[in-house]
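In: Kindly return the folded structure for what I paste below:
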Amino acid sequence: MRQVILYPGEDNFWVVECPSLPGCISQGRTREESLENIKEAIMGYIHALEEDGLPVPVEHFNVMVVVV
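Out: Next up is the predicted model:
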């Protein structure tokens, strides 16, 4: 299980990132498509780490909302 951040991009696509996997980012035309795309990106990222014998980072982020 991984936490992701989802936000609208400047090009009307939805951008989604997985903070616990640096550089793991994707996008999609809809929220649903972007979430499906990040699932694939996460699986590919983890698979590549495992193939290279590298450790898979643990999930370590907490979600908080700050009102300014």
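
In: contacts and neighbour counts: CA atoms only from here.
Out: Fine.

In: residues near the closest residue to F13 other than its chain neighbours, how many?
Out: Spatially, and ignoring its direct neighbours in sequence, F13 is nearest to R29 (4.7 Å; CA to CA, 6 or more residues apart in numbering). For R29, the neighbour count with other CA atoms under 10 Å is 14.

In: In this structure R29 contacts V15, no?
Out: No: counting by CA atoms under 8 Å, R29 stays clear of V15, with 9.1 Å between them.

In: quick one: the strands in this protein?
Out: Secondary structure of the chain (DSSP state E): strands at 5-8, 14-17, 25-28.

In: show me what contacts the most centrally placed residue in the chain?
Out: Centroid-nearest residue in the chain: C18, 2.6 Å away (criterion: CA atoms, centre = their mean). With contact set as CA atoms under 8 Å, 6 or more residues apart in numbering, C18 has these partners: R2, Q3, V4, I5, C24, I25, I38, I42.

In: Against Y7, how distant is it?
Out: 12 Å (CA to CA, to the nearest Å).

In: One more: L49?
Out: Separation of L49 from Y7 (CA to CA): 26 Å.
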